[in-house]
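A.B. asks: Sequence isn't available, so here's the structure alone:
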Ligand SMILES: Nc1ncnc2c1ncn2[C@@H]1O[C@H](COP(=O)(O)OP(=O)(O)OP(=O)(O)O)[C@@H](O)[C@H]1O
Ligand SMILES: CC(=O)N[C@H]1[C@@H]2OC[C@@H](O2)[C@@H](O)[C@@H]1O[C@H](C)C(=O)O
C-alpha cells in the first residue's frame with residue numbers, strides 16, 4: 001500500500017485524533033486556527049479545544065482578496081495566483097501557531113482547511129436554470145499539506161452541492177453532534193459575516209432539525225463602517241448607539257424576498273452588500289442619511305431579520321439560543337435579539353463548551369474527523385455525505 005494511504009489508515013483507526021481546523025470567513029478579518037482533540041465519531045464524538053488563535057490578515061492581503069471576493073467579474077490571473085498564495089499562507093500560519101504553542105507538527109494528525117470563500121452562488125441567487133447550486137473556496141489544500149507536512153482535508157462544500165445541497169451552511173453536522181440535548185429546544189446562532197442557525201428540537205428528532213442561513217450577520221454593518229468611517233467594524237456598537245433608526249429605510253431593507261423564502265437557504269455578500277443598501281436608500285429617498293443613523297438602522301435590521309427568521313419558523317417557548325461568531329461581541333445586536341425574542345434565553349455558545357470565536361474552525365476539524373472515522377448521518381433531506389478532499393504532503 002502507498003505510504004500516504006497507510007498513514008491515513010492508521011490515523012482513521014486512532015481512538016484520539018489531533019485535528020487542526022482552519023476557517024477564513026466572509027468578514028476577511030483573519031484566519032481562525034483551532035487545535036482540537038477528538039474522541040470517537042458521529043453522535044458519540046467528544047472533543048477538547050486545546051488551542052485557538054485568530055491571526056489577523058494584513059491590509060495588503062485583505063485588499064488582494066477583496067479584488068476577487070464576491071465579485072461577478074474578476075481578474076482571472078489574480079484569482080489563480082491567490083488560490084496557491086492562500087494555501088501556502090495558511091500553511092505558513094499553521095506552522096507559526098504550532099511553533100508558538102510548542103506543538104510538534106508530527107503530533108497533529110490532520111489539518112481541516114476551509115479556505116477562503118470567493119463566491120457563493122446558490123441557484124435561487126444566480127437564477128440560471130441550466131446551472132446547479134455552486135460555490136468556490138480557494139487556498140488549495142495541496143499547498144497546505146506540502147507546507148505543513150500534515151495530511152490536509154479541504155474544499156468541504158463541493159460534496160454537499162454534488163449531493164443536492166447548497167454547499168452551506170455546513171454547521172448543521174457539527175451543531176447536531178456537539179449541540180443537541182434531549183429535553184431542550186436549542187438554537188445555535190452564528191453571527192459571522194452572514195448569520196446562520198441550527199434548530200435542535202427538544203425531542204431530538206432528526207426530522208425537525210433545520211440548519212439555514214438567515215440573512216446578513218455583520219456584513220452590512222462592517223461594509224457601512226468601512227465606507228463611511230474607514231473602520232473595519234463597529235466596535236462595541238459605538239457608532240450604532242450614537243445614531244437613530246430610520247424606519248422607512250428599515251422597512252425597505254426588510255422587503256427583500258430572501259427573508260420570506262422557505263428554509264433551508266444559504267446566501268452571501270454577493271446579495272447582501274452595499275449595492276443592496278444603496279437600492280433601499282434610493283427607493284426611500286434616504287440617500288442623505290447620516291452615516292451613524294445608517295449603521296444604527298443596519299444593526300436593527302440585522303437583529304430583526306434574525307429574530308423574525310426564528311419566530312416565524314420556531315414559535316416554541318423556552319428556546320435556548322447559543323450565540324457564536326464575532327457578532328456575539330456586538331452588545332447592541334445581542335441586546336436587540338434578547339428584546340425581540342422575549343421567550344428565549346440568549347447565551348454565548350461558550351456555555352456549551354463551544355468557544356464563540358473558535359466554533360467554525362472547530363466545525364471543520366469535526367468534519368475532517370467524520371471524514372476519516374465517521375459514517376454519513378441522515379438528517380431530513382440534508383445531504384448524508386462525508387465531506388473534504390484529501391491532500392498528502394508527499
Ligand atoms: N467588539 C466587537 N463589537 C462589534 N462587532 C464585533 C466585535 N468584535 C467582532 N465583531 C464583529 O465580528 C466580525 C467577525 O466575525 P467572524 O470572525 O465570526 O466572521 P467570519 O468568520 O468571517 O464570518 P462567516 O461566519 O460569515 O464566515 C467583525 O467583522 C465584526 O463585525
Ligand atoms: C459559502 C460560505 O462560505 N458560507 C459561509 C458564510 O459564513 C456564514 C454563512 O455564510 C455559512 O453559510 C457559511 O459558513 C459556515 C461555517 C457554515 O457553512 O456553516
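C.D. replies: Thanks, I have the structure now. Remember, predicted model here, so these are calculated numbers, not experimental data. Ligands and ions are numbered 1, 2, ... in the order given.
A.B. asks: Can you list the buried residues in stretch 32-51?
C.D. replies: For stretch 32-51, burial by neighbour count (16 or more other Cβ atoms under 10 Å) applies to 32-38, 41, 45, 47, 49, 51. For glycine as for every other residue, the C-beta is placed from the backbone atoms N, C-alpha and C.
A.B. asks: If you could redo that for stretch 150-162, that was the one I meant.
C.D. replies: Neighbour-count burial for stretch 150-162 flags 150-161 (criterion: 16+ other Cβ under 10 Å).
A.B. asks: Over to stretch 48-62?
C.D. replies: 49, 51-55, 57, 61.
A.B. asks: Now the terminal residues of it, how far apart.
C.D. replies: 31 Å (Cα to Cα, to the nearest Å).
A.B. asks: can you list contacts of it?
C.D. replies: Contacts with stretch 48-62, where a contact means Cβ atoms under 8 Å, 6 or more residues apart in numbering, come from 18, 28-37, 65, 89, 93, 96-97, 100-101, 103, 355, 357-358, 361-362.
A.B. asks: State the mean pLDDT of it.
C.D. replies: Stretch 48-62 shows a mean pLDDT of 97.
A.B. asks: and for stretch 227-236, what are the contacting residues?
C.D. replies: In contact with stretch 227-236 (Cβ under 8 Å, 6+ apart) are residues 27, 29, 218, 221-222, 225-226, 239-240, 274, 291, 294-295, 299, 326, 329-331.
A.B. asks: Next one: the strand or helix carrying residue 227, is it in contact with ligand 1?
C.D. replies: Using DSSP states H and E, residue 227 sits within helix 219-229. Yes: residues of helix 219-229 are located near ligand 1 by Cβ under 6 Å from any ligand atom, namely 221-222.
A.B. asks: Can you tell me which of the buried residues of stretch 48-62 is closest to ligand 2?
C.D. replies: Nearest to ligand 2 among the buried residues of stretch 48-62, counting by Cβ to the nearest ligand atom, is residue 54 at 14.5 Å.
A.B. asks: On the three-state scheme, that closest one is what?
C.D. replies: strand (DSSP: H, G, I helix; E, B strand; the rest coil).
A.B. asks: give me the beta-bridge partners of the residue of the stretch 1-150 of the chain found nearest ligand 2?
C.D. replies: Ligand 2 sits closest to residue 117 of the stretch 1-150 of the chain, with a gap of 3.4 Å, by Cβ to the nearest ligand atom. The partner list for residue 117 in beta bridges (DSSP bridges) reads residue 137.
A.B. asks: Might you report the residue contacts of it?
C.D. replies: If you count contacts by Cβ under 8 Å, 6+ apart, residue 117 has them with 25-26, 135-137, 268.
A.B. asks: In ChimeraX, how would I select just the buried ones from the contacts of stretch 48-62?
C.D. replies: Applying 16+ other Cβ under 10 Å to these, the buried members can be selected in ChimeraX as follows:
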select :18,28,29,30,31,32,33,34,35,36,37,65,89,93,97,103,355,357,358,361,362
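A.B. asks: For the stretch 1-150 of the chain, what lies in contact range of ligand 1?
C.D. replies: 25-27, 29.
A.B. asks: top of the residues you listed by neighbour count?
C.D. replies: Within these, neighbour counts (other Cβ atoms under 10 Å) peak at residue 25, which reaches 24 neighbours.
A.B. asks: any idea how far it is from residue 256?
C.D. replies: Relative to residue 256, residue 25 is positioned 22 Å away (Cβ to Cβ, to the nearest Å).
A.B. asks: do residue 156 as well
C.D. replies: For residue 156, the distance to residue 256 equals 28 Å [Cβ to Cβ].
A.B. asks: and the protein, which residues reach ligand 2?
C.D. replies: Residues of the chain lying close to ligand 2 by Cβ under 6 Å from any ligand atom are 25-26, 117, 120, 135, 167-171, 192-194, 196, 213, 266, 268, 360, 363.
A.B. asks: mind running it again at 8 Å?
C.D. replies: 23, 25-26, 114, 117, 120, 135, 137, 157, 167-172, 174, 190, 192-196, 211, 213, 217, 266-268, 325, 360, 363-364 (Cβ under 8 Å from any ligand atom).
A.B. asks: now, which of those residues lie within helices?
C.D. replies: With helices defined by DSSP state H, the entries of the residues of the chain next to ligand 2 inside them are 157, 171-172, 174, 360, 363-364.
A.B. asks: Not counting sequence-adjacent ones, nearest residue to residue 157?
C.D. replies: Of all residues not flanking residue 157 in the chain, residue 167 sits nearest, at 3.8 Å (Cβ to Cβ, 6 or more residues apart in numbering).
A.B. asks: Now for the closest residue to residue 106 other than its chain neighbours, how many residues are close by?
C.D. replies: Among residues not flanking residue 106 along the chain, residue 149 sits closest, at 8.0 Å (Cβ to Cβ, 6+ apart). If you count neighbours by other Cβ under 10 Å, residue 149 ends up with 16.
A.B. asks: Longest helix of the protein, counting residues only.
C.D. replies: helix 76-101.
A.B. asks: What residues sit buried inside that helix?
C.D. replies: Neighbour counts over helix 76-101 (16+ other Cβ under 10 Å) mark 79, 82-83, 85-91, 93-94, 97-98 as buried.
A.B. asks: List the residues that contact residue 367.
C.D. replies: Counting by Cβ under 8 Å, 6+ apart, residue 367 touches 112, 153, 156, 170, 173-174, 386-388.
A.B. asks: Using the three-state scheme, assign it.
C.D. replies: helix.
A.B. asks: measure it to residue 156 for me?
C.D. replies: In this view, residue 367 and residue 156 are 6 Å apart by Cβ to Cβ.
A.B. asks: okay, now the nearest residue to residue 209 once chain neighbours are set aside: neighbour count?
C.D. replies: Excluding its sequence neighbours, the residue lying closest to residue 209 (Cβ to Cβ, 6+ apart) is residue 379, at 5.4 Å. Neighbourhood size, residue 379 [other Cβ under 10 Å]: 18.
A.B. asks: dump the residue contacts of residue 379.
C.D. replies: Counted by Cβ under 8 Å, 6+ apart, residue 379 has contacts 172-173, 176, 206, 209.
A.B. asks: Right, I'll call it a day here.
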